[in-house]
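In: please find the sequence and the predicted model below.
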Amino acid sequence: MRRAFVILVVVLFGLVFTSLVIAHNERHSLRPLAESYVKLIPQELGAPNVITGILLTYRAFDTLGEVAVLFMVAAGVGLVLGASNKRRKSSPRKVVETARLSSEIVQSGAQILAPLIAIFAAYIIMNGHRSAGGGFQGGAVIASGVLLLVLASTRYRVDLEFLSMTESAAGVLFVLTGIAGLIFAGGFLDNRMLPLGQFGAFFSAGAIPILSVLLGVKVGCELSVIIDRFRA
Amino acid sequence: MLELFVYLLCGSILASGILAIRLGSLMAAMVSGGLASLFAAVCYVLLGAPDVAMTEASIGSGLSTLIFLYAIRRTATAKE
Amino acid sequence: MAELIGSILVLLGAIFHFSAGLGMLRMPDAYTRMQAGTKASTLGNTLILLGLGFYHPEWSLKLLIIICFVLMTNPVSSHALARAAHMIRIPMTRRTTVDALRATRQRRRSGK
């Protein structure tokens, strides 16, 4: 009986998705809204990357909502898994002795790779307005670097207070930048409060690099805190 | 030509999803999930969305798989 | 002319990748499979990226950096995998005669 129900549900899902796939015919020109964005963003915002321009100016309020969702996830994980970690902090020496040390090759390799990963993450964040990249991608790469260090040597302790404070400070600065956009330029999180600069240069497109940096720092710290809470 | 690659990749995503359900051990199923994420990231690059591909590759293939690993380890030791 | 050299290098890289896949299927146990997979695929990666450098000479510095990165990460990760496999005592094939890591681990355990 239950199996028949499961098969029925799977077949219905399959029908829905198949009808979506069959009814999809490829467009050869953009929709009017997309076309207006593609024309408008290099002129008004001075950013060659249309996606970052939309994410951090026209739909920046949704980005703020996404940042709030990530913060709720980190707080939830901390609430659920934080209680067992108090026991860990009281006896750190026992945990270190029973944990298996990784070999020297892996530790040296991780020590060489972690700064390179950090540089790569900074490159992705700072070039968000020129080529593919942006705040979220850079934050995820920073968290991968922290994950590498956590996995390579069992003695590595992530400084939780520093990360929590940095993350909160980045979030507050994000909202303050938005309010500054309200005072100095058109609206909340408008990027024209700083000069637009030359098209495609490193420091251009107004406040978009600053917002990218704050977003990248916040996402990176949050994911690192989540990883450290999960580690038993 | 591009469409053929995209169809092949979508078939691979389906295959790794089915593998993730049918395999015996939990660790192998987790690796299959990461594999599906990797194929999806390559699909996104072929369809012209490099930002999404970067995010999917780093979060889906990297962080999500490892958080599953930690969750498996925690539930395995809690059972005893 | 440069395109011909680039195409030959990419073809060689593809042959090495294929041999890596074939080795992973045909080798007897986990350790030899790891060795086949890592060595051949690292070399295949290097050759394909070098061949791509001949096609687009303006990308050559970035491709060189990617090659260095691949050379740093692939062997280290395979080393970590092999040590983890030895730690959980995955059996070796009967054709292996020397097991240096087991001797070292026994000496360390008895010495401690």
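Out: All right, it came through fine.

In: quick one, what contacts the residue nearest to the spatial centre of chain A?
Out: Centroid check for chain A by CA atoms, centre = their mean gives A:Phe136 as the closest residue, at 2.7 Å. Neighbouring residues of A:Phe136 by CB atoms under 8 Å, 6 or more residues apart in numbering or on different chains: A:215-216, A:219, B:55. C-beta here means a position set from N, CA and C on the backbone, and glycine is covered the same way.

In: out of the residues you listed, which comes closest to chain C?
Out: Taking CB to the nearest CB as the measure, chain C lies nearest B:Thr55 of the contacts of A:Phe136, at 19.8 Å.

In: for the helix or strand harbouring that closest one, what is the distance to the chain centroid?
Out: Using DSSP states H and E, B:Thr55 maps to helix B:50-55. Offset of helix B:50-55 from its chain centre (CA atoms, centre = their mean, to the nearest Å): 15 Å.

In: in chain B, which residue sits nearest chain C?
Out: Of all residues in chain B, the one sitting closest to chain C is B:Met27 (11.3 Å; CB to the nearest CB).

In: before we move on, what about chain A?
Out: For chain A, CB to the nearest CB, closest residue to chain C: A:Gly109, 3.7 Å.

In: and A:Ser212, what pLDDT?
Out: Listed pLDDT for A:Ser212 reads 89.

In: do C:Met1 as well
Out: Model confidence at C:Met1, expressed as pLDDT, equals 83.

In: burial measure for it, as a count.
Out: Other residues near C:Met1 number 6, with proximity taken as other CB atoms under 10 Å in any protein chain shown.

In: checking the residue sitting nearest the centre point of chain C next. Helix, strand or coil?
Out: Residue closest to the mean C-alpha point of chain C, counted by CA atoms, centre = their mean, is C:Thr38 at 1.8 Å. Of the three states, C:Thr38 takes helix under DSSP: H, G, I helix; E, B strand; the rest coil.

In: repeat that for A:Leu30.
Out: Secondary structure state of A:Leu30, per three-state DSSP, is coil.

In: so what's the residue count around it?
Out: 12.

In: interface residues of chain A facing chain C?
Out: Near chain C, the residues belonging to chain A are A:100, A:102-103, A:105-106, A:109-110, A:112-113, A:116 when assessed by CB under 8 Å from any CB of the partner chain.

In: please indicate which of the residues you listed are buried?
Out: Buried by 16 or more other CB atoms under 10 Å in any protein chain shown: A:102, A:106, A:109-110, A:113, out of those.

In: what's the closest non-adjacent residue to residue 49?
Out: Using chain A here. Closest residue to A:Asn49 apart from its sequence neighbours, by CB to CB, 6 or more residues apart in numbering or on different chains: A:His129 at 5.5 Å.

In: correction: the question concerned chain C.
Out: Nearest non-adjacent residue to C:Leu49 (CB to CB, 6+ apart): C:Leu63, at 4.8 Å.

In: so the one you found is in which element?
Out: Taking DSSP H and E as the definition, one finds C:Leu63 inside helix C:60-87.

In: mind listing what's buried in the helix or strand containing C:Leu12?
Out: Here C:Leu12 sits within helix C:2-26, counting by DSSP H and E. For helix C:2-26, the neighbour count (16+ other CB under 10 Å) marks C:6, C:9-10, C:12-13, C:16-17, C:19-20, C:23-24 as buried.
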